[in-house]
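[1] got a sequence here, can you build the structure:
(one chain, ligands or ions: 2)
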Amino acid sequence: MDTIEEVVEKILESKYCIAFTGSGISVESGIPSFRGPNGLWKKYRPEELATPQAFSRDPIRVWEWYKWRMELIFKAKPNPAHRVLAELERLGFLKCIITQNIDDLHRLAGSKCIVELHGNIKRARCISCGYRVTWNKPPEEIPPHCPRCNSLLRPDVVWFGEELPRDQWMKALEHTNKADLVLVIGTSGVVYPAAMIPYIVKENGGIVVEINIEDTALTNIADYILRGRAGEILESIYRVLKQRIERL
Ligand code: BV8
Ligand code: ZN
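    Numbering: from 1, shown residues only. Ligands and ions are numbered 1, 2, ... in the order given. Next up, the predicted model:
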């Protein structure tokens, strides 16, 4: 278990620090992760629901799952982990967040540079005419229909087997290729191509810091491992960093 102080030194020394986040950073906001102890994977089988096939076969069942998640997410608030990342960006220590999450909590916490690799659950798009909408509450009608052409609307998220939005992937690679430090927070590192981000930083000679409550597929490439809940660890990082910059 490495120390918070060592990681704070690396953040202070870094020229281009980024964060790569997964659903674990939002667990303390009340949103279940996918694969964790009480993860979504237990009750549902996301790889069967979060797919284009599931949607064309049974759009109502897929929308019921997303509506349930949207109800949780619209009630959720950013937790200290999201807020510390926004503060580190404001202080100039964090350049960008590359997230796999679709819960919009980094934006609500005040972060400005955010790459959403897997889309955003508050957005929907028409399967036919490209109409897009951003909701501020879950849709009443399931499945929702396009107000323009009356086709089905789908969640504007990336399903398994679908390509990531090209512009977001290119933006992610631009930041990743500049990064000399990546904070890997709350991800099991099993979903590709997103999970390549920490490997790219490593291959470029950068430093990988893993913040997680348990070992993951990325632990073996981590230079520093901070075991614990994201909210607590990031609050400690922020406290130690503030003390250090006050001494500068
Ligand atoms: C693509 C949006 C091809 C939808 C999501 C076999 C091998 C390798 C790859 C594949 C394979 N078979 C298929 C693939 C490809 C597949 C994939 O990687 N599958 C995996 C499961 C094996 N990938 C795809 O299909 C991607 N597309 O490859 O397209 C292609 C290419 C070209 C042209 C055409 C097509 C698309 C993947 C995107 C899928 N969409 N989400 C939705 O959310 O409904 S993925 C979903 O998983 C979420 O986005 C989530 O973020 C993501 C990753 O999960 P994590 O975020 O890591 O969450 P998880 O629960 O796993 O882990 C939580 C972690 O937090 C744990 O480690 C836990 O310990 C920790 N934690 C918990 N609490 C805390 C904590 N840490 C700190 N503090 C706490 N309090
Ligand atoms: Zn339409």
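
[2] so where is the protein shaky, pLDDT-wise?
    In the prediction, the chain carries residues with pLDDT under 70 at positions 1-2, 36-43.

[3] looking at this, P198 is in a strand?
    No - with DSSP: H, G, I helix; E, B strand; the rest coil as the criterion, P198 is located in helix rather than a strand.

[4] so it touches L181, yeah?
    No - proximity of P198 to L181 does not meet the contact threshold set by C-beta atoms under 8 Å, at 10.8 Å. For glycine as for every other residue, the C-beta is placed from the backbone atoms N, C-alpha and C.

[5] could you check which of those two is surrounded by more residues?
    Set side by side, P198 and L181 show more neighbours around P198, with 27 against 24, by other C-beta atoms under 10 Å.

[6] contacts only, for that one.
    F20, V182, V184, G189, V208, L218, I221 (C-beta atoms under 8 Å, 6 or more residues apart in numbering).

[7] 7 Å instead?
    If a contact means C-beta atoms under 7 Å, 6 or more residues apart in numbering, then P198 has F20, V182, V184, V208, L218, I221 as its contacts.

[8] and if you look at L152?
    When contacts are counted by C-beta under 7 Å, 6+ apart, L152 touches P59, I127, P143, H145.

[9] now do stretch 176-194: everything it contacts.
    Counting by C-beta under 7 Å, 6+ apart, the neighbours of stretch 176-194 from elsewhere in the structure are 10-11, 14-25, 35, 81, 98, 100, 117, 164, 195, 197-198, 200-201, 204, 206-212, 216-218, 230.

[10] pull out the buried members of these.
    In the contacts of stretch 176-194, burial by neighbour count holds for 10-11, 14, 16-25, 35, 81, 98, 100, 117, 164, 195, 197-198, 201, 206-212, 216, 218, 230, counting by 16 or more other C-beta atoms under 10 Å.

[11] also within reach of ligand 1: list those from the contacts of stretch 176-194.
    When the contacts of stretch 176-194 are checked against ligand 1 using C-beta under 6 Å from any ligand atom, the ones in range are G22, S23, G24, R35, Q100, N212, T216, A230.

[12] adding secondary structure, write the residues you listed out as JSON lines.
    Rendered in JSON lines, the data for those read as follows (three-state DSSP):
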{"residue": "G22", "secondary structure": "coil"}
{"residue": "S23", "secondary structure": "helix"}
{"residue": "G24", "secondary structure": "helix"}
{"residue": "R35", "secondary structure": "coil"}
{"residue": "Q100", "secondary structure": "coil"}
{"residue": "N212", "secondary structure": "strand"}
{"residue": "T216", "secondary structure": "coil"}
{"residue": "A230", "secondary structure": "helix"}
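
[13] the longest strand along the chain - which strands sit beside it in the sheet, and in what orientation?
    Taking DSSP state E as the criterion, the chain has its longest strand at strand 119-126. Applying DSSP bridges to the sheet, strand 119-126 is found paired with strand 132-134 (antiparallel), strand 153-157 (antiparallel).

[14] sweet, I'm off.
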